[in-house]
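>>> sequence unknown, structure follows:
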């Protein structure tokens, strides 16, 4: 393995589901997928960390509420504080919000509807590890599959998220249009993903790791993971 | 000394509660058309071993704030006063 290949760690918590997909997607995109274990305190010299989708700790208490106390999360937090790229996908997004690494919270979808389908998401900023080098306004087709993905925040936090351009993705129509019909879970501002003010931590409900291989329907996740690898490589 | 507490966690008033709405929608079909404002929350019971009741209550308040509830979306209240327990009560 060359020094120029970024190592991307994927944390497995009890109840994680998409950890293997994430490792495979990283390898598919030319990176090195590194498995990380929730009970360890070792990030295995990775250049980026993914918190994958699933139902960590059975979603007990609240989604993501218990995973944030896993030993590995101390290391993830320190890594993020040093500027390391951290990506939370679906349950990983919920964990980042519960851990306070991102603002807001994810609650039950509008009308209690579990959604499992392809959606269109619009890139809102290039200032995140997933969208570095992408053009705001670009629309990507990526699947979602969640029951608790409705983004919400305190009114003052929501105003700050918008004012500081922390919104990274919004649910939209095929042409990028924002409307209630395409807001798949009722999220405030159609928000599908946000970043932190420093721009190195990002979370989103859609699953880019399920959309890299043309054999499974969409390649909308490719630009995002390619961005992550390039972003991580710049730090190697 | 062991003290028992009950903590009730509820969604903040401004937040839509889809579970509450679903229950509210079901009640009229059972003949209770006069019920409204249904909200679903969580109930947590716990026992704290502490030197004084005040110390136990203060600890429960912190636990409720930092783990049992998410202050972004939820309120909590500690129900009832702490009760001193006999040993067999907590077996």
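Sure thing, it's come through. Since we're looking at a predicted model, the values are computed, not measured.
>>> Can you list the residue ranges for strands in chain A?
Here chain A has its strands, by DSSP state E, at A:7-12, A:32-37, A:48-51, A:86-89, A:105-107, A:115-123, A:139-146, A:150-152, A:167-172, A:191-195, A:201-204.
>>> now the lengthiest helix in chain B, how far from the centre of its chain.
The longest helix of chain B (DSSP state H) is helix B:53-63. In terms of Cα atoms, centre = their mean, to the nearest Å, the centre of helix B:53-63 is found 15 Å from the chain centre.
>>> again, but for stretch B:2-18
4 Å.
>>> Could you work out the end-to-end span of it for me?
37 Å (Cα to Cα, to the nearest Å).
>>> And stretch A:46-58, by the same measure?
End-to-end for stretch A:46-58, by Cα to Cα: 27 Å.
>>> Give me the buried stretch members for that stretch, please.
In terms of neighbour count (16 or more other Cβ atoms under 10 Å in any protein chain shown), stretch A:46-58 has its buried residues at A:46, A:47, A:48, A:49, A:50, A:51, A:52, A:53, A:54, A:55, A:56, A:57. The C-beta positions use only the backbone N, C-alpha and C, and glycine is treated the same way.
>>> will you turn those residues into a markdown table that also has distance to residue B:49?
Supplementary listing: the buried residues of stretch A:46-58 in a markdown table, determined by distance: Cβ to Cβ, whole Å:
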| residue | distance to residue B:49 |
| --- | --- |
| A:46 | 41 |
| A:47 | 45 |
| A:48 | 43 |
| A:49 | 38 |
| A:50 | 40 |
| A:51 | 35 |
| A:52 | 38 |
| A:53 | 39 |
| A:54 | 35 |
| A:55 | 32 |
| A:56 | 29 |
| A:57 | 25 |
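>>> Now flag whichever of these is closest to residue A:139.
residue A:53 (21.7 Å; Cβ to Cβ).
>>> Next, count neighbours for the residue nearest to that closest one when sequence neighbours are not counted.
The shortest distance from residue A:53 to any non-neighbouring residue, by Cβ to Cβ, 6 or more residues apart in numbering or on different chains, is to residue A:90 (3.4 Å). Neighbour count for residue A:90, taken as other Cβ atoms under 10 Å in any protein chain shown: 29.
>>> and if you look at residue A:101?
Neighbour tally, residue A:101, other Cβ under 10 Å: 22.
>>> just the one 3 residues further on next, same as before
Burial of residue A:104 is recorded as 23 neighbouring residues (other Cβ under 10 Å).
>>> Might you report the residue contacts of it?
Residue A:104 makes contact with A:97, A:151, A:152, A:153, A:157, A:158, A:161, A:191, A:194, B:72 under the criterion Cβ atoms under 8 Å, 6 or more residues apart in numbering or on different chains.
>>> And residue B:45, by the same measure?
Residue B:45 touches B:4, B:5, B:6, B:7, counting by Cβ under 8 Å, 6+ apart.
>>> got CSV for those, with neighbour count too?
As requested, these are exported to CSV (neighbours: other Cβ atoms under 10 Å in any protein chain shown):
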residue, neighbour count
B:4, 18
B:5, 22
B:6, 15
B:7, 19
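>>> between the residues you listed, which is nearest residue A:142?
Each of the contacts of residue B:45 was checked against residue A:142 using Cβ to Cβ; the closest is residue B:7, at 38.5 Å.
>>> Now do the closest one against chain A, distance only.
12 Å (Cβ to the nearest Cβ, to the nearest Å).
>>> Would you check that that residue makes contact with residue B:74?
No. Counting by Cβ atoms under 8 Å, residue B:7 stays clear of residue B:74, with 10.9 Å between them.
>>> Count the residues that sit near residue B:35.
Neighbours of residue B:35 (other Cβ under 10 Å): 12.
>>> Look up the closest residue to it, ignoring the ones flanking it.
Nearest to residue B:35 is residue B:27, by Cβ to Cβ, 6+ apart, at 4.7 Å.
>>> Report the contact partners of that neighbour.
B:33, B:35, B:38.
>>> What pLDDT is listed against the residue nearest to the first one when sequence neighbours are not counted?
The shortest distance from residue B:33 to any non-neighbouring residue, by Cβ to Cβ, 6+ apart, is to residue B:27 (7.4 Å). Taken from the predicted model, the pLDDT recorded for residue B:27 is 95.
>>> Out of the contacts of residue B:27, flag the one nearest to residue A:13.
Among those, residue B:38 lies closest to residue A:13 (Cβ to Cβ), at 33.1 Å.
>>> wait, that closest one sits on residue B:23?
Yes. Between residue B:38 and residue B:23 there is a contact under Cβ under 8 Å: 4.8 Å.
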